[in-house]
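**Student:** Turn this into a model:
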Amino acid sequence: MGFLDNLKAKIGPAKDKVSDLAQQHGGKIGEGLDKAAHTVDTRTNGKYSDKIESGTGKAKDALERLSRKDGDGTTPPTAS
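**Tutor:** Numbers count the residues shown, from 1 in each chain. Predicted coordinates:
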């Protein structure tokens with residue numbers, strides 16, 4: 001077994017756990033991202049608004065991808 005195989009074997013369970021957490025707490029994480037973006041935008045007096053908005057959007061997209069369990073591109077139902 002090579003180095004990359006060992007690494008993949010160790011990352012697999014961690015990815016599943018992160019996926020579960022993203023699925024369970026995606027709403028709270030998204031709210032935190034929005035709050036952090038607003039704080040940074042306020043502190044920089046709007047100078048980097050476009051970059052902050054872009055970065056927040058990319059982070060939310062990544063969060064959405066992490067919360068997907070199926071390979072078919074659909075998002076599983078969230079727990080209430």
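
**Student:** what ranges do the strands span in this protein?
**Tutor:** Assigned by DSSP state E, the chain shows no strands.

**Student:** confidence score at the residue nearest the centre of it?
**Tutor:** By CA atoms, centre = their mean, the chain has its centre lying nearest to residue 63, at 2.3 Å. pLDDT for residue 63: 91.

**Student:** Equivalent analysis for the one 4 residues further on, please.
**Tutor:** Reading off the confidence values, residue 67 has pLDDT 87.

**Student:** Quick check, it in contact with residue 23.
**Tutor:** Yes. Using CB atoms under 8 Å, residue 67 makes contact with residue 23 at a distance of 4.3 Å. The C-beta positions use only the backbone N, C-alpha and C, and glycine is treated the same way.

**Student:** gap between the longest helix anywhere in the chain and the chain center?
**Tutor:** Longest helix in the chain by number of residues (criterion: DSSP state H): helix 3-43. For helix 3-43, the separation from the chain centroid amounts to 4 Å (computed by CA atoms, centre = their mean, to the nearest Å).

**Student:** quick one: residue 64 and residue 26 touch, right?
**Tutor:** Yes. Using CB under 8 Å, residue 64 is in contact with residue 26, at 7.5 Å.
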